[in-house]
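based on what follows, work out the 3D shape:
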Amino acid sequence: MHAHRAHPQEIQVSYEARSWLFVPADSEKKIAKAIESDADAVIFDLEDSVVAGRKKAARDILKALPKRKGGPDWWVRVNPVGTKFHKDDLELISRADFGGIVLPKAESGADIVQVAHRTGTIPIHAIVTETAASLFNLLSYSDPKSPLVAMSWGAEDLSAALGASSKYDSDGELAFTYKLARSLCLAGAVAAAVQPVDGVFANFRDSAGLKREAEAARREGFTGKLAIHPAQVPIINAAFTPSSDEVAHAEAVVAAFKSHPHAGTVAVDGKMVDRPHLDQARRLLQRARGVANDA
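The predicted structure is shown next:
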């Protein structure tokens with residue numbers, strides 16, 4: 001279920017996690033619910049949701065988890081590079097059940113290199129917009145030798161770092177600065193040939209709002225979304241699962257170009273489509289196959 005690296009000129013390969021569910025690593029009750037959920041990936045959080053005095057207890061809980069038997073992939077959000085907890089967190093990755101590291105407050109590709117020096121080829125999902133400096137370094141993640149497999153963005157830590165009183169404008173919409181961070185994350189991830197993952201929707205009781213945001217994210221190019229509550233998982237999974245109509249159209253586009261391999265444009269369902277549409281169709285079919293294979 002892990003997302004795998006592809007070179008920039010290649011179509012995305014293998015299955016990408018639609019839903020990435022955060023769970024505090026110091027709560028055995030919440031962990032039990034999370035790993036029984038339908039999330040594609042569970043992120044055991046050792047960072048923001050665990051206070052300093054509970055970090056060691058949280059690591060002990062993760063060490064004592066029974067062996068993973070199917071279900072979501074297991075990831076660990078470690079504390080940021082340079083913090084006193086970071087090195088101890090990385091020692092958890094020696095456990096084979098943990099499929100990857102979620103690295104918060106990443107500021108550039110150099111952070112990925114630094115972590116990889118300790119962890120080797122273990123996959124890394126970086127949260128890349130949580131500091132002011134991070135916004136200027138989104139192209140630095142483009143390294144085909146990197147173990148980076150996903151990039152997501154966050155507004156809460158960024159707004160705190162910038163000294164903002166709110167991340168919203170007077171109309172209740174996300175302010176420009178945070179929309180910019182979101183767009184830079186999307187473009188940076190695509191440039192690095194890794195999965196672009198949309199940020200959290202904080203109001204877990206607003207199912208309709210989550211649905212709108214997740215569907216908008218998918219239209220823009222994101223292929224997954226962070227979640228903070230198990231109730232958000234089915235909504236996110238549905239939003240990022242290609243529909244039967246979308247699959248049928250993509251198959252028609254691929255078939256049309258296969259019949260006319262030297263054509264720049266072809267007619268599909270009465271409309272002209274070109275080579276970029278073929279790339280989109282292939283990516284959609286790969287995601288659809290990944291979902292089907294994991295079912």
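
number of residues surrounding the spatially closest residue to residue 134 that is not a sequence neighbour?
Leaving aside its sequence neighbours, residue 134 sits nearest to residue 107 (Cβ to Cβ, 6 or more residues apart in numbering; 4.7 Å). Placement of C-beta: from N, CA and C, glycine included. Using other Cβ atoms under 10 Å, residue 107 has 21 neighbouring residues.

can you check residue 243 too?
With other Cβ under 10 Å as criterion, residue 243 counts 11.

try the one 10 residues further on
The criterion is other Cβ under 10 Å. On that basis, residue 253 has 23 neighbouring residues.

assumed it was part of a strand.
No: under the criterion used here (DSSP: H, G, I helix; E, B strand; the rest coil), residue 253 is helix, not part of a strand.

isn't it up against residue 278?
Yes: taking contacts as Cβ atoms under 8 Å, residue 253 lies within contact range of residue 278: 5.9 Å.

which residue ranges of the stretch 1-150 of the chain form helices?
Chain-ordered helices for the stretch 1-150 of the chain, with DSSP state H, counting those that start in this stretch as the definition, fall at 28-35, 55-63, 86-90, 109-119.

from the contact counts, what lies against the third one?
So the one you mean is helix 86-90. helix 55-63, helix 109-119 (3 or more Cβ pairs under 8 Å, 6 or more residues apart in numbering; DSSP states H and E).

quick one on the thing from earlier: and the residue nearest to residue 134, what does it touch?
131, 133, 134, 137 (Cβ atoms under 8 Å, 6 or more residues apart in numbering).

in the protein, which spans are strands?
19-24, 41-45, 73-77, 98-103, 124-127, 148-152, 195-198, 224-227, 265-268, 271-274 (DSSP state E).

out of those, nearest to residue 62?
strand 41-45 (5.6 Å; Cβ to Cβ).

the inter-axis angle of that closest one versus helix 28-35?
160 degrees (axes from the mean of the first three to the mean of the last three Cα atoms, to 10 degrees).

direction included, what does strand 41-45 pair up with?
strand 19-24 (parallel), strand 73-77 (parallel) (DSSP bridges).

what are the buried residues along that strand?
41, 42, 43, 44, 45 (16 or more other Cβ atoms under 10 Å).

which stretches in the stretch 151-295 of the chain count as helices?
Using DSSP H, counting those that start in this stretch, helices in the stretch 151-295 of the chain cover 156-162, 176-191, 207-220, 233-239, 244-259, 275-294.

do you know how far residue 205 is from residue 93?
Distance of residue 205 to residue 93, given as Cβ to Cβ, to the nearest Å: 34 Å.

between the two, who's got more neighbours?
Neighbours of residue 205 and residue 93, each counted by other Cβ under 10 Å, are more numerous for residue 93; the result is 20 against 9.

report the buried members of the contacts of residue 107.
131, 134, 137.

I'd say residue 168 and residue 177 touch.
No: the pair residue 168 / residue 177 is not scored as a contact, 10.9 Å apart, by Cβ under 8 Å.

okay, those two: which has more neighbours?
residue 177 (17 against 14).

neighbours around the spatially closest residue to the more buried one that is not a sequence neighbour, how many?
Spatially, and ignoring its direct neighbours in sequence, residue 177 is nearest to residue 162 (7.0 Å; Cβ to Cβ, 6+ apart). If you count neighbours by other Cβ under 10 Å, residue 162 ends up with 13.

looking at residue 162 now. What's its pLDDT?
With respect to pLDDT, residue 162 scores 96.

quick check: it touching residue 175?
No: taking contacts as Cβ under 8 Å, residue 162 lies outside contact range of residue 175: 10.2 Å.
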